[in-house]
Each structure stands twice: as structure tokens, then as C-alpha cells.
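S.K.: sharing a model that was predicted from the sequence below.
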Amino acid sequence: MSYSEKNFPNEPTAPKVSTSIPGPIGTEKVKTLGEVFDNRCTYFVADYSKSTGNYIVDVDGNQLLDVYCQVASIPLGYNNPKLIEVAKSDKMIRNLVNRTATGNFAGADFEEIQRDLLKFAPKGQTHVWNGLSGADANELAFKAIFFNYQSKKRGFNTKFSAEEEATCMENEAPGNPELAIMSFAKAFHGRLFASGSVTRSKPVHKMDMPSFKWPKAEFPAYQYPLEDNETANKAEDARCLAIVENLW
């Protein structure tokens, strides 16, 4: 028995489309949504109470196989019964209802939650930094990289100089050093300020937003099948590596 069959016994066996998308109900809901929300990117309005497993259902009853998965944020399927069970637990309710400033006032359950997350972390990882979104997680990673780099230069001395403290309040070096994150063409990393600066996918993702003048490289675009294009792909690797070298 597959994972889907075991956990989603009511999952549709195939897509079912009975109206246009969006249908008449969905079209009206998209229209009224525009009165309180920017609906220009809304493809259709979903009925999440009826969506299950790998299938998303819209308000007109169309059942669609979902390979988008809410930008890959629902990898375990819609209305996953095990997640719903956890969501109803006292521990989850306490931690969602009481939105804590965790760094200052961690709850009694928090260490246990972090240790549960670490069970699935890469080997050698001993700490968890929690982010609210993918873009937020990327920005936390950028900060960790910069903090670690500068701390190494100081010999991990956390005492800042008077000049560092004064200049960082003016957004100037050495308090705010001239460091950068290298990104790749066509990459998407989020729409916050630092993550937006390394996002290179579509103009609409970053238009009109000030950004850091950080370098952009190119990621190898391989030809397939690999075994028949080894020479061309090695040349593509060399081309992209040369771009990285020239950036510095």
C-alpha cells in the first residue's frame, strides 16, 4: 500500500474538471476578493476543506493534481491526518496561540520541539533557527554567514570598537562591512530585501525595490542525457566557473 493510499483513502484517483478554471463560482470569488486583496495573481480560489493528498479542489468542484504544492510548502499533502492530529495537540495549540518572543521567553515545550526538528536535520547540525518563510530563512542564513565571517576576523571577540558601533548606526563600514552574497541568474530566493537582491527569476519579483549591488553568476545548464554530453557539460562547467572567478 502506498503512502497516499494509507494516509489519504479518499484521495481522487484522477483529475476531474467540470467547469472552466476558474468556474462561475470561482470567477465571482476572485472578483470580490479584489475588493480587499490584490487578486492580480490569483488563478482560482481553492476549497481546502475538500482538497486531499496530492489533489487541490477549487470552489467549483474541479479536482486538480497539484504539482505546485503551494510553492513546495505542502510536501505531505492536503489535510494530512497525522499533521491534523498534531495540530490539535495541546503542545501545538500552546505554541501557536501564545506567539512568544522565543529568544527572550522560550516556552517549556520549546526545547522538546527543537530536538524533534533536529532528528531530521543534516548530520552534524546541533541548533535550529526558526524562520517564518523561505525568504526569512534565507535572510537568517545570510546574517549567520556575515556574523560568523566577521566574528572569525575578530577572533570571536564580541566586544565591538567605538568606530564599529558608530558607523553601523550610519549604515557605513566598518560597522556595516562591504560584504556580498553571490547569486545565480534565474534563481528565486524570496522577496524580502536581501533575498530580493539575490532573486533573479522575473522582473516582477523585485521591480521598484531598492537592492544590494551584489554579484550575479550563471549556473551550468547541462545537456541530456549526461552520458552523451560529457564534453559539452564539462565545457559548460568551465564557462560558469570562469564567470565566478572574474566576479572577484
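M.R.: Yep, it's here. Residues are numbered from 1 along each chain as shown.

S.K.: may I see the buried residues of the strand or helix carrying T231?
M.R.: Element membership for T231, per DSSP states H and E: helix 230-247. Within helix 230-247, the residues that qualify as buried are N233, E236, C240, counting by 16 or more other C-beta atoms under 10 Å. (C-beta placed from N, C-alpha, C; glycine too.)

S.K.: any idea of the mean pLDDT in that helix?
M.R.: In this model, helix 230-247 has a mean pLDDT of 96.

S.K.: show me how far it is from its chain's centre.
M.R.: 28 Å (C-alpha atoms, centre = their mean, to the nearest Å).

S.K.: C-alpha coordinates for it, PDB please?
M.R.: The C-alpha coordinates for helix 230-247 follow below in PDB (Å, rounded to 0.1, in the frame of the first residue of the first chain):
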ATOM      1  CA  GLU A 230      30.100  14.800 -21.100                       C
ATOM      2  CA  THR A 231      32.400  17.000 -23.200                       C
ATOM      3  CA  ALA A 232      29.800  19.800 -23.600                       C
ATOM      4  CA  ASN A 233      28.800  19.700 -20.000                       C
ATOM      5  CA  LYS A 234      32.500  19.900 -18.800                       C
ATOM      6  CA  ALA A 235      32.800  23.000 -21.100                       C
ATOM      7  CA  GLU A 236      29.700  24.500 -19.500                       C
ATOM      8  CA  ASP A 237      31.100  23.900 -16.000                       C
ATOM      9  CA  ALA A 238      34.400  25.700 -17.100                       C
ATOM     10  CA  ARG A 239      32.400  28.600 -18.500                       C
ATOM     11  CA  CYS A 240      30.400  29.100 -15.400                       C
ATOM     12  CA  LEU A 241      33.400  28.800 -13.100                       C
ATOM     13  CA  ALA A 242      35.200  31.400 -15.100                       C
ATOM     14  CA  ILE A 243      32.400  33.800 -14.500                       C
ATOM     15  CA  VAL A 244      32.600  33.200 -10.800                       C
ATOM     16  CA  GLU A 245      36.400  33.800 -10.800                       C
ATOM     17  CA  ASN A 246      36.000  37.000 -12.800                       C
ATOM     18  CA  LEU A 247      33.500  38.400 -10.300                       C
END
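
S.K.: by contact count, what packs against it?
M.R.: With contacts taken as 3 or more C-beta pairs under 8 Å, 6 or more residues apart in numbering; DSSP states H and E, helix 230-247 sits against strand 216-217.

S.K.: max-length helix in this structure?
M.R.: helix 134-154 (DSSP state H).

S.K.: follow-up on the earlier one: ok, of the buried residues of helix 230-247, which one's closest to S133?
M.R.: Nearest to S133 out of the buried residues of helix 230-247 is C240 (C-beta to C-beta; 29.1 Å).

S.K.: tell me how far the closest one lies from A217.
M.R.: 7 Å (C-beta to C-beta, to the nearest Å).

S.K.: any idea which helix or strand comes after the longest helix of the chain?
M.R.: helix 162-168.

S.K.: give me the mean pLDDT for that next one.
M.R.: Here the average pLDDT along helix 162-168 is 96.

S.K.: offset the numbering so it begins at 510, please.
M.R.: Done: numbering now begins at 510, and the last item shifts to helix 671-677.

S.K.: elements contacting the next helix or strand after that helix?
M.R.: Downstream of helix 671-677, the next assigned helix or strand under DSSP H and E is strand 692-693. Strand 692-693 is packed against strand 725-726, with contacts defined by 3+ C-beta pairs under 8 Å, 6+ apart.

S.K.: that's all I had, so thanks and see you.
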